[in-house]
Every structure is written in structure tokens, then in C-alpha cells.
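# Mind looking at a prediction? Sequence and model below.
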Amino acid sequence: MRSDAAYLITGGLGALGLTAARLLAMEGAGTLVLIGRGAPRPEHEPALAELRELGATVVTAQVDVSDDDQLGAHLERYGTELPPLRGVLHAAGVLADRMIDDLTWEDVEIVMRPKLLAGWQLHRRTAHLDLDLFLLFGSVAGVLGNPGQAGYAAANCGLDALAHLRRRSGLAAQSIDWGPWAQIGLAAGPDRDDRLADRGLAAMTPQEGAEALAAELAGDAVQVMVGPFDATAWSRFTGPPAASSLLREITQERAVARPSGTTAFDRTDLLAAGATERRDMLTAFVRRQVGRIARAEPDKIRLADRVTVLGVDSLMAMELRQIFETEVGASMPTVRLLRGPTIAEVAEYLLEQLPELAPATAAAAVRATVTESVAEPGDGLGDLLGELDLMSGSELEALFDELTAEESELTAEERSDS
């Protein structure tokens with residue numbers, strides 16, 4: 001880094017932006033320009049003071065980088081009131097998760113503007129400059145995808161493409177597709193960290209992330225994905241869509257341990273066991289999976305506990321359905337899980353769906369019987385059991401809210417009667 005040059009960092013007051021700024025200051029960057037749409041707050045002052053103590057001149061500015069006029073006006077400051085611009089680090093971004101059926105263009109723009117459009121404006125406005133650094137902070141979502149993040153994944157894919165475009169044009173360019181960071185970043189949060197780790201995306205500590213950033217700054221790769229990644233666990237969570245050429249070789253050649261809570265279950269043993277043992281095995285498996293996903297201790301979950309009372313929501317229900325299909329080979333509709341069956345009822349239902357244990361006609365009869373027993377006459381819910389794939393995310397959420405309210409009333413009545 002040059003002591004007589006300026007380095008622009010978008011999202012500069014965010015946790016990742018400040019982490020990057022600290023590294024640039026340690027590498028000798030003379031002036032750090034931290035820009036964002038908000039002004040510095042008192043809680044930012046310790047980090048800004050540290051940057052100054054490291055020898056950097058710190059400038060903050062409120063700029064919407066996706067706005068061409070605002071960015072153009074800001075860039076005119078370099079070489080006059082600010083030193084010449086020699087580096088750009090684009091760390092801005094927001095999350096606005098939506099299930100794909102609910103996505104509108106306005107939803108997509110929320111994540112596209114600060115991420116992809118801002119990156120493109122930075123490229124277009126600086127393409128004539130001799131930059132030493134043009135670093136784009138992307139996300140693993142752009143490489144692997146992630147349920148509920150179609151817009152965010154697309155925005156990050158765009159950043160990766162921009163890095164390749166610049167490099168082919170002979171311009172400085174790097175894109176880092178970050179995995180989740182612990183404690184800081186958009187995906188931070190204890191529950192979210194644990195759930196992502198179970199899916200194969202363990203979080204990096206801030207120290208690990210900073211060390212990885214330093215290594216990439218010293219390297220020359222145009223695009224890298226950084227973070228712990230268990231490809232086998234990820235494929236198990238996402239199912240067939242993950243079996244792409246990108247992951248196939250990794251999952252075939254690497255034997256990676258399963259996430260906590262998925263051990264001690266063998267489908268072959270399940271099918272070979274007697275009826276009572278088979279029910280016990282599957283019940284224990286269901287209890288572990290619900291406990292893992294809902295963050296409850298499996299040993300404290302009773303067979304009569306309803307999964308919705310334990311905290312299973314619509315996204316968790318979808319995850320459970322995928323696990324049951326992958327591990328057990330039997331499917332339980334998400335909408336049925338949202339009806340709040342007990343642990344024992346879930347296990348019993350899965351047993352009834354195992355194709356090896358009953359002919360297709362018998363399975364169909366069981367399914368029809370279950371549908372009739374679940375739905376009250378005339379309420380229409382029986383029809384919904386076969387229509388989940390046609391429901392939008394908002395419809396599913398509305399149904400979940402309705403069923404949860406019913407479940408809360410039922411639980412209150414059960415407690416008052418006890």
C-alpha cells in the first residue's frame with residue numbers, strides 16, 4: 001500500500017469494512033476513505049481512532065455509490081483535496097431474504113443496488129485509472145446459492161463476473177466470495193452460525209477472516225471462495241441441486257464427517273430391524289433432528305411434544321423435509337409438519353411412507369387416511385397436503401401463522417386440563 005495514495009472502502013463503517021481498513025492501514029495505506037450512506041456514530045470512534053494510531057489519515061463520507069451523480073461528485077475530490085485514488089475495496093451490501101415465489105423486482109433491487117450496481121458504477125467511473133487494487137467482497141451465496149437468497153446470490157454472481165471482466169481487460173480485479181463470519185458480518189448470529197455449520201458452512205472468526213484477507217491481497221487469484229466448507233454436508237442439506245460438477249468431485253473424493261445430530265442412523269439397519277426396533281430407531285432420529293434444528297436438547301424432547309411448539313417454523317420444516325427425504329428415503333410434506341404433529345407422529349408417518357415396507361397402493365391408502373384424519377370436514381386443509389409445491393412463500397407463512405395460533409390455543413387447553 002502507498003502512503004501517498006488514497007484507498008476507497010464502500011461499506012467502510014460496517015464490521016467487514018472496518019476490518020479491511022485496519023488491514024490496509026497496517027500495510028501502510030496513507031489515506032482511508034470510508035464511505036456509506038450513513039454518518040459515523042459514536043460507537044465507530046474507537047475503530048477510527050485505531051486506524052489513525054496505525055498512521056492512516058481517515059476520511060468518512062456519505063455517498064450512495066449506486067447513484068452515478070453522487071459517486072461522480074465524490075471521485076472528483078481525489079487528486080485535489082484528497083490524494084490520488086489507487087485502490088477500491090467494495091464491501092457494501094444488505095440482506096433482504098425472500099422465498100423465490102415472493103420475489104418482486106423491488107425486492108431484488110434492495111440487494112442489487114448496493115452490491116452489484118454500486119460495483120458496476122465503481123468500475124465504470126475508475127476504469128481509466130491506474131489502480132493497484134480493485135477488490136470486491138462477494139459471498140458464498142453467489143457460488144452455492146442459499147434458500148431465500150436468490151437476489152443476493154445473483155448480485156454476488158454479478159460481482160464475480162465483473163472481476164473476471166476487469167481482469168480480461170487488463171485491469172486490477174479480485175473477488176472474494178466470503179463464507180459466514182462469526183460475531184460480525186451480515187450472517188452473524190449464534191443460532192444462524194450453528195445452523196449454517198450444520199449445513200457445511202462453519203463461520204470464521206474475525207481473526208481468521210483478517211488473515212485470509214491478508215493472504216488474498218498478497219495473491220493474484222481473480223476469484224476465490226474463502227471459509228470452512230463441508231461439501232458433503234452441504235449436498236446432504238440441499239439435495240439433488242447440489243450434485244453439480246462444481247461439487248461432485250469433492251463429495252466423491254472426500255469423506256467428511258456428518259454434522260452433529262445426523263450420526264448413528266443407517267437406513268439399511270432400519271429396514272432390517274423388527275417393527276418395534278425400527279420405530280424406536282426412527283423416533284430417536286426424528287428427535288435428534290428436531291432438536292438440532294430447533295436448538296433443543298434431544299434428551300429433553302418428549303414423544304408427545306409437538307414440533308411447532310418446539311420452535312419449528314416454515315424454513316425449519318423445509319429443512320426437516322429435506323433431511324427425511326435424504327436420510328430416511330421417505331417424505332413428509334412441509335405443510336403437514338406445520339400442522340404440529342408430535343415427535344411420535346412424525347416417526348410413525350415416515351415409517352408408513354417407506355416404499356420398501358408397503359406396496360405403492362397401500363402407501364396411497366395410508367396417505368388418504370392420514371389426509372382425512374388431519375383435515376376437519378369441509379375445512380379444505382386436506383387438499384393443501386398435496387399442494388405445497390404450488391404455494392408461495394407468503395401463503396406458506398400465512399398458513400403457518402394460522403396453524404401456530406391454533407396450536408397455541410390447543411396447548412393452552414391441554415395445560416388448563418392438566
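The structure has been received and is ready for your questions. The model shown is predicted, which means the values in this text are computed figures rather than measured ones.
# Now the helix or strand where H74 lies - C-alpha only, PDB.
Per DSSP states H and E: H74 is located in helix 68-75. In PDB, the C-alpha atoms belonging to helix 68-75 read as follows (Å, rounded to 0.1, in the frame of the first residue of the first chain):
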ATOM      1  CA  ASP A  68     -23.900   7.800 -10.500                       C
ATOM      2  CA  ASP A  69     -24.100  11.500  -9.800                       C
ATOM      3  CA  GLN A  70     -23.200  11.100  -6.100                       C
ATOM      4  CA  LEU A  71     -20.300   8.800  -6.900                       C
ATOM      5  CA  GLY A  72     -19.000  11.100  -9.700                       C
ATOM      6  CA  ALA A  73     -19.100  14.100  -7.400                       C
ATOM      7  CA  HIS A  74     -17.200  12.200  -4.800                       C
ATOM      8  CA  LEU A  75     -14.500  10.900  -7.100                       C
END
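# Let's check: the centremost residue of the protein is which one?
Centroid-nearest residue in the chain, with C-alpha atoms, centre = their mean: N146, separated by 5.3 Å.
# There's contact between Q174 and G138 in this structure, I believe.
No: taking contacts as C-beta atoms under 8 Å, Q174 lies outside contact range of G138: 10.0 Å. The way it works is simple: take the backbone N, C-alpha and C, and place the C-beta from them, glycine included.
# the more surrounded of these two?
Remark: of Q174 and G138, G138 carries more neighbours, 29 against 21, as counted by other C-beta atoms under 10 Å.
# Hmm, that one is touching A173, no?
No: in this structure, G138 is not within contact of A173 by C-beta under 8 Å, at 11.9 Å.
# Can you tell me how far L337 is from D313?
Going from L337 to D313 by C-beta to C-beta, to the nearest Å gives 10 Å.
# which of the two has more neighbours?
L337 (25 against 18).
# thinking again about what came up before, what residues of the helix holding H74 count as buried?
Within helix 68-75, the residues scored as buried using 16 or more other C-beta atoms under 10 Å are 70-71, 74-75.
# Same question for stretch 98-110.
Buried residues in stretch 98-110, counted by 16+ other C-beta under 10 Å: 98-99, 103, 108, 110.
# Just the pLDDT at L48, thanks.
pLDDT recorded at L48 is 96.
# List of residues touching the strand or helix carrying it?
Per DSSP H and E: L48 is located in helix 45-53. Helix 45-53 is contacted by residues 18, 21-22, 25, 32, 34, 40, 58, 60 when judged by C-beta atoms under 8 Å, 6 or more residues apart in numbering.
# With respect to Q322, which of these is nearest?
When the contacts of helix 45-53 are compared for distance to Q322 (C-beta to C-beta), L18 comes out closest, at 36.9 Å.
# The closest one: neighbour count?
Residues near L18, counting by other C-beta under 10 Å, number 23.
# got the phi/psi numbers for S175?
Main-chain dihedrals, S175, degrees, to the nearest 10: phi -130, psi 130.
# Now it: closest residue in space, sequence neighbours ignored.
Counting by C-beta to C-beta, 6 or more residues apart in numbering, A163 is the residue found nearest to S175 once chain neighbours are left out, at 3.7 Å.
# can you tell me how far the one you found sits from Y349?
For A163, the distance to Y349 (C-beta to C-beta) stands at 48 Å.
# Between the two, point out the one with more neighbours.
Per other C-beta under 10 Å, whichever of A163 and Y349 has more neighbours is A163, with 25 against 22.
# That one reaches V224, doesn't it?
No: at 10.1 Å, A163 does not count as touching V224 under the criterion of C-beta under 8 Å.
# Mutual contacts of these two, please.
The contact sets of A163 and V224 overlap at 174-175 (C-beta under 8 Å, 6+ apart).
# This protein - how does it break down into domains?
Here the domain parsing of the chain from automatic domain parsing is 6-228, 231-259, 267-417.
# Where among those domains is average confidence lowest?
The minimum mean pLDDT among the domains of the chain belongs to domain 231-259 (a mean of 57).
# In contact with the residue nearest to S175, which residues?
Listed by C-beta under 8 Å, 6+ apart, the contact set of A163 reads 134, 136, 173-175, 222-223.
# Can you list the residue ranges for strands in the stretch 201-350 of the chain?
In the stretch 201-350 of the chain, the segments counted as strands under DSSP state E, counting those that start in this stretch are 223-226.
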